[in-house]
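> okay, structure incoming, though there's no sequence with it:
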């Protein structure tokens, strides 16, 4: 047999050894604590939502997707605005945009969520506060935190995209008599977006994963429902497995569609 | 739809003075829609803030509001007037450009000063800063501030050793002295030896100090994992590549919060009771390791393939090629993104408060729940503490990236 076969066999053996060791230790631990696995809980009726516990997980997935979609819309709008401002010829504007990016990129999302939920909502003027209290304030806090946090990454991506558009494009558009806003909106940005589609896509994926932090302030989404299933059924292993599989399905689906999209929209010749 | 005339009629040009009254109106009439809309939007913002201020009677606010309003109207008017003269020739057009450049900066500055000043004044005069001050030490070192640990406090000098090692290594790199890694390793070793008893067998430290310790232990575990699987992913053998891809993709598709849950529940079964701290470190390492592996792969692939081919042609084995030729060169490209990944890891440590370790975010949460009143001030402080460290690191990463452009 060639050497490469031995190397591959060795890798498989090491992996198997680690896996078997972990499995045996976990099984011994389960036996010592009288834990048995029972997957049938997912077909039992759930007090959390209508249907079974499986429906609860699926509803959680839908809520996560909804949160991610709302978040990405605001994050794209904010991110484009800040990204364009960072390249503004007005030094004050570009510096304010840079400060925004640096501040929100360098603080953890969880702290930002707490900050919006417990800090900012407390100090808002009374009428806005009252309106929010009738319209699930936690959800708005999470949307604010998610979109501001992600927008600081998107701003950097879009800035890179704009810088990657050849200068001749702007010059040609200007000499054709297009106004400043037309040059940006019709010539530069469409090319910039298409150039940075892959990194933008990974930001969308990050936002979807990050939305799991919403569970920490009690916003109902996938992770929140997953942990609720655990506390209703006392089935830790089963519910964390369900959460993990659900996130894997979400991530892989999003990755698949993003690849499809970037292949269709990619700039020719790049 | 009307067609814009190529030469502005005199009557419209004369109307440019309207911008002194309503900023942006003159520009709109002159056909400069973008400038007009910009000035109009700024004016709406400024007046919305300034109007209640002017009636409030507080001297500080009135001065800020007046500065903003005056510079806005003056700027809009002067710019419109200069724009109206644009048609008189190239010199006038150039002058108009300069007027716009100057006044757009002045107006933006005035708006920033207005909003920033008000925000700063409001934040400084918030009522509960003394509560934050009283709990500040708790945010920094957690329970470690208690009486019972007083004789252990000297261990915090470990952070000084870490900082000294990092600064020395960075300084040596800047001065182009070789072997900069030696002070880094010595500093890290001394720091870890001093600080280790604060987290093992019992976690007695908390707050920012614990966040930093977790981040350092996490990256120490993540780098070997990243090297192993990053190199594995570039391997030609399908099984080794498959295992590496599986590991990387699995951990990159999951939110960190699920990873930490898995480890928190199952590591105690594997390693025995009382290992929650190490479960968290393992979760941080394995999660970050997947991202480090991608950095390693990118660093290796950025290297011209001629390097590896030449090494093989000289008769080096695959392992020798990787260890002696490819990796030493690729490491240089990996360091800036690695620092970036370390910043991410430092931010990710905020999630371990979910499983009961009281690091900075956890300490902030506990204090906020106890105080109830000072939540805004408290979370702002916590965010700023994270920001200071992460920002310093990102400046470092940028400095490390800079020489590449020169080389």
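That came through fine. A quick note: this is a predicted structure, and the numbers were derived from the prediction, not measured.
> tell me which element the residue in the stretch 1-150 of chain A that chain B sits nearest to falls in.
In the stretch 1-150 of chain A, the residue that lies nearest chain B is residue A:29 (3.2 Å; Cβ to the nearest Cβ). No exception for glycine: its C-beta is placed from N, CA and C like everyone else's. Using DSSP states H and E, residue A:29 maps to helix A:3-32.
> residues from the stretch 51-200 of chain A in reach of chain B?
Residues of the stretch 51-200 of chain A that fall close to chain B, judged by Cβ under 8 Å from any Cβ of the partner chain: A:89-93, A:96, A:102-103, A:105-112, A:114-115, A:118-120, A:122-123, A:179-181.
> before we move on, back to that, the residue of the stretch 1-150 of chain A closest to chain B contacts residue B:267, correct?
No. With contact defined as Cβ atoms under 8 Å, residue A:29 does not reach residue B:267; the gap is 10.3 Å.
> give me the more crowded residue out of these two.
A count of neighbours by other Cβ atoms under 10 Å in any protein chain shown puts residue B:267 above the other of residue A:29 and residue B:267, at 22 against 16.
> list the contacts for the more buried one?
Going by Cβ atoms under 8 Å, 6 or more residues apart in numbering or on different chains, residue B:267 touches B:275, B:276, B:278, B:279, B:282.
> now do residue A:60
Residue A:60 sits in contact with A:220, A:221, A:222, A:223, A:224, A:225, A:226, A:246, where contact means Cβ under 8 Å, 6+ apart.
> which of these has the largest number of neighbours?
residue A:222 (30 neighbours).
> and residue B:205, that's in a strand?
No. Residue B:205 is assigned coil when assessed by DSSP: H, G, I helix; E, B strand; the rest coil, not a strand.
> pLDDT at it, what is it?
Here the pLDDT value assigned to residue B:205 is 87.
> show me where pLDDT drops low in the stretch 151-270 of chain A?
Scanning the stretch 151-270 of chain A for pLDDT under 70 picks out the ranges A:269-270.
> so where does the residue in it that chain B sits nearest to fall, helix or strand?
Using Cβ to the nearest Cβ, residue A:251 is the residue of the stretch 151-270 of chain A that sits closest to chain B, at 3.6 Å. If you go by DSSP H and E, residue A:251 is part of helix A:236-265.
> what helices and strands are in contact with that helix?
Secondary-structure packing of helix A:236-265 (3 or more Cβ pairs under 8 Å, 6 or more residues apart in numbering or on different chains; DSSP states H and E): helix A:53-86, helix A:197-210, helix A:222-233, helix B:238-253, helix B:256-271.
> buried ones in it, by neighbour count?
A:236-240, A:242-244, A:246-247, A:250-251, A:254-255, A:258, A:262 (16 or more other Cβ atoms under 10 Å in any protein chain shown).
> what's the angle from that helix to helix A:197-210?
160 degrees (axes from the mean of the first three to the mean of the last three Cα atoms, to 10 degrees).
> hmm, the helix or strand where residue B:55 lies touching chain A?
Applying DSSP H and E as the criterion places residue B:55 in helix B:33-56. Yes. Using Cβ under 8 Å from any Cβ, we find that helix B:33-56 touches chain A at B:33, B:34.
> buried sites along that helix?
Under 16+ other Cβ under 10 Å, the buried positions of helix B:33-56 are B:33, B:35, B:36, B:38, B:39, B:40, B:42, B:43, B:46, B:49, B:50, B:53.
> report the contact partners of the nearest residue to the second one once chain neighbours are set aside.
Excluding its sequence neighbours, the residue lying closest to residue B:35 (Cβ to Cβ, 6 or more residues apart in numbering or on different chains) is residue B:27, at 4.4 Å. Contact criterion Cβ under 8 Å, 6+ apart gives B:19, B:33, B:35, B:36, B:39, B:76, B:79, B:80, B:83 as the residues in contact with residue B:27.
> and if we set it to 7 Å?
Going by Cβ atoms under 7 Å, 6 or more residues apart in numbering or on different chains, residue B:27 touches B:19, B:35, B:36, B:39, B:80, B:83.
> okay, among those residues, which ones form the most distant pair?
The span of the contacts of residue B:27, defined through Cβ to Cβ, is set by B:39 and B:83 at 11.2 Å.
> residue 226 - nearest residue in space that isn't next to it in sequence?
All of this is about chain A. That would be residue A:243: by Cβ to Cβ, 6+ apart, it lies 3.7 Å from residue A:226.
> the intended chain is chain B.
Per Cβ to Cβ, 6+ apart, closest to residue B:226 is residue B:292, 2.6 Å.
> how much space separates that neighbour from chain A?
16 Å (Cβ to the nearest Cβ, to the nearest Å).
> wait, residue A:174 sits on residue A:183?
Yes. Between residue A:174 and residue A:183 there is a contact under Cβ atoms under 7 Å: 6.0 Å.
> between those two, who's got more neighbours?
Neighbour count, other Cβ under 10 Å: between residue A:174 and residue A:183, residue A:183 has more, with 18 against 14.
> now that one: closest residue in space that isn't a chain neighbour?
That would be residue A:173: by Cβ to Cβ, 6+ apart, it lies 4.5 Å from residue A:183.
> surely the one you found meets residue A:185?
No. Residue A:173 is beyond contact range of residue A:185, at 10.5 Å (criterion: Cβ under 7 Å).
> neighbour count winner among the two?
Between residue A:173 and residue A:185, residue A:173 has the larger neighbour count (other Cβ under 10 Å), namely 18 against 13.
> correct me if wrong, but the more buried one is in a helix.
Yes. Looking at residue A:173 with three-state DSSP, it is inside a helix.
> could you find the closest non-adjacent residue to residue B:142?
Closest to residue B:142 by Cβ to Cβ, 6+ apart is residue B:206, at 1.8 Å.
> show me the contacts for the one you found.
B:141, B:142, B:143, B:144, B:358, B:359, B:363.
> repeat the analysis, applying 8 Å as the threshold.
B:138, B:141, B:142, B:143, B:144, B:357, B:358, B:359, B:362, B:363.
> ok, residue B:155 next?
B:194, B:195, B:197, B:198.
> look up the closest residue to it, ignoring the ones flanking it.
Nearest one to residue B:155, counting by Cβ to Cβ, 6+ apart, is residue B:194 at 5.2 Å.
> what about that neighbour, which helix or strand?
Going by DSSP H and E, residue B:194 is in helix B:181-195.
> quick check: buried residues in that helix?
B:183, B:184, B:187, B:188, B:190, B:191, B:192, B:194, B:195.
> so chain A: which segments form each domain?
A:1-36, A:41-265 (automatic domain parsing).
> out of those domains, deepest packed?
Among the domains of chain A, the stretch with the highest mean neighbour count (mean count of other Cβ atoms under 10 Å in any protein chain shown) is domain A:41-265, at a mean of 18.
> can you give me how far it is from the chain middle?
How far domain A:41-265 lies from its chain's middle: 6 Å, per Cα atoms, centre = their mean, to the nearest Å.
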